[in-house]
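Q: got a predicted structure here, sequence first:
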Amino acid sequence: MNQQLTGKFISHKRKEKNLTQEQLAEKLGVSNKTISKWETGR
């Protein structure tokens, strides 16, 4: 899976569970900026 597909997958699953980037970041112990970078493939 390339970075963009992985990012779309993470975003889709996060939204499916009605989580914000901030909520997911808290659960994973990372910053919301990290989640944003993952989702945009950067």
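A: Sure thing, it's come through. This one's a predicted model, so the numbers in the text were calculated from it and none came from an experiment.

Q: CA only for contacts and neighbour counts going forward, please
A: Fine.

Q: residue closest to the middle of this structure?
A: Ile35 (4.1 Å; C-alpha atoms, centre = their mean).

Q: which residues touch it?
A: 21, 24-25 (C-alpha atoms under 8 Å, 6 or more residues apart in numbering).

Q: among the residues you listed, which are in helices?
A: Among the contacts of Ile35, DSSP state H puts 21, 24-25 in helices.

Q: by neighbour count, which of those wins?
A: Among those, the one with the most neighbours (other C-alpha atoms under 10 Å) is Gln21, at 19 neighbours.

Q: correct me, but that one touches Asn32?
A: Yes: using C-alpha atoms under 8 Å, Gln21 is in contact with Asn32, at 5.5 Å.

Q: residue contacts, Ser31?
A: Shown in contact with Ser31 (C-alpha under 8 Å, 6+ apart): 22, 25.

Q: and it, how far from Asn2?
A: Ser31 is 22 Å from Asn2, where distance means C-alpha to C-alpha, to the nearest Å.

Q: what is the neighbour count of Gln4?
A: Using other C-alpha under 10 Å: Gln4 sits among 14 other residues.

Q: in what helix or strand does it lie?
A: Per DSSP states H and E: Gln4 is located in helix 3-16.

Q: so how far is Gln21 from Ser36?
A: Computed with C-alpha to C-alpha, the distance linking Ser36 and Gln21 is 7 Å.

Q: what about Lys37, how many neighbours?
A: Based on other C-alpha under 10 Å, the number of other residues close to Lys37 is 11.

Q: assign it to helix, strand or coil.
A: Following DSSP: H, G, I helix; E, B strand; the rest coil, we place Lys37 in the helix state.

Q: which pLDDT does the model give it?
A: You'll see Lys37 listed with a pLDDT of 96.
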